[in-house]
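1. one predicted model, sequence on top.
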Amino acid sequence: MPTSSKGQSPPGPPRTLTLRWMPGTSDRVQFERGGRIFTVLLEDVQRTDAHSLNPLYLRGVVTLPVTLSHLATLMGPLRQHVTRRAAGTPVDAWVRAGGQADDEPDDHLPD
């Protein structure tokens, strides 16, 4: 993927991300990507559109567009927790899901 003059990936086209409340919290949400469940702070996914999170508060789930760079940041430095890769998940699922290879936890399952 091409990089900018600052060495960062360009924002890329938006993808969608489905967020659900993390049980027992009011400031954390979870999403699934690449055979893992990620936990992030709600403030790290909030958008400037004041109404974008209404479905999260009303139904407990919301789907929002995110850029590839924001998704990679959520999967990397902004994540609070990430589960182990689910059995049967392809080895390259992390990168195909939008994460940076260097941010993937080293929790390879035995073959």
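-> Everything's here; your move.
2. mind listing the helices for this structure?
-> Here the chain has its helices, by DSSP state H, at 54-59, 68-75, 93-96.
3. okay if I get those helices as CSV plus distance to Glu32?
-> C-beta: built from backbone N, CA, C; applies to glycine. Compiled in CSV, the helices of the chain are given as follows (distance: least, Cβ to Cβ, whole Å):
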stretch, distance to Glu32
helix 54-59, 16
helix 68-75, 11
helix 93-96, 11
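4. highest mean neighbour count out of these?
-> helix 68-75 (a mean of 20; mean count of other Cβ atoms under 10 Å).
5. related to what we said a few turns ago, compare the helices of the chain and give me the one nearest Thr16.
-> Nearest to Thr16 among those is helix 68-75; the distance by Cβ to Cβ comes to 9.7 Å.
6. which residues does Val82 contact?
-> Contact partners of Val82, counting by Cβ atoms under 8 Å, 6 or more residues apart in numbering, are 36-39, 75, 105.
7. tell me how far His81 lies from Asp103.
-> In this view, His81 and Asp103 are 13 Å apart by Cβ to Cβ, to the nearest Å.
8. what is Leu17 paired to in the beta sheet?
-> Beta-bridge pairing of Leu17 under DSSP bridges involves Leu64.
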